[in-house]
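Participant: Sequence first, then the predicted structure, then my questions.
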Amino acid sequence: MTPQSFALFFLSLLSLSLFARLVLMLRQMRHVRLNRDRVPEPFAQVISGDAHRKAADYLRARMQVALAGLFIGASFLIGMTWGGGLQALHDQLSHLFSAGSLLHGIALLAGLAIAGWLIELPLTLYRIFGVERRFGFNRMTPAL
């Protein structure tokens, strides 16, 4: 397999994965929006209409954050692969550890994990201190 055909294969799988996730998320958001005011019959005696609407609004808000995370994650993946981020990290770590050594591999994986965590951190903080707080599920402050 040539590098070009592998890149095309990789991009095809990434696009297919993104498309499938996007379609499923949008379908779920649409379903929640259309059924926001209708409590399912088995739960009508247990859950109030207001609680059901609040849960539907909360789910939609979380899904909007998840949609942003989907595209940010895909951009990170493309940046690390096609953009050369993984190679740059490898090169930087080669100055500290012998390339191909166990420590080099561990540091490379740790660096990749830390970079991914840092990329996801703003959305996670927004979800916890923005969305969850807005719906009354979180009373913590960022200082805690």
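Facilitator: That came through, no problem. Numbers count the residues shown, from 1 in each chain.
Participant: Low-confidence regions, the protein specifically.
Facilitator: Across the chain, the stretches falling below the confidence threshold (pLDDT under 70) are 144.
Participant: how does it look with 80?
Facilitator: In the prediction, the chain carries residues with pLDDT under 80 at positions 140-144.
Participant: quick one, helices of it?
Facilitator: Counting by DSSP state H, the chain forms helices over residues 3-34, 49-81, 85-94, 102-126, 132-134, given from the N-terminal end onward.
Participant: Figure out which of these is closest to residue 143.
Facilitator: Within the helices of the chain, the stretch nearest residue 143 is helix 102-126; the backing value is 12.5 Å (C-beta to C-beta). From N, CA and C alone the C-beta is placed, and that goes for glycine too.
Participant: picking up where we left off before, how about the helices of the chain, which one is nearest residue 40?
Facilitator: Taking C-beta to C-beta as the criterion, helix 49-81 is the member of the helices of the chain that comes nearest to residue 40, at 8.4 Å.
Participant: Check which helices and strands the closest one sits against.
Facilitator: Packing contacts for helix 49-81, counted by 3 or more C-beta pairs under 8 Å, 6 or more residues apart in numbering; DSSP states H and E, involve helix 3-34, helix 85-94, helix 102-126.
Participant: Which positions in that helix come out as buried?
Facilitator: 52, 56, 58-61, 69, 73-74, 76-77, 80 (16 or more other C-beta atoms under 10 Å).
Participant: what angle do that helix and helix 102-126 make?
Facilitator: Following axes from the mean of the first three to the mean of the last three C-alpha atoms, to 10 degrees, one obtains 150 degrees for the angle between helix 49-81 and helix 102-126.
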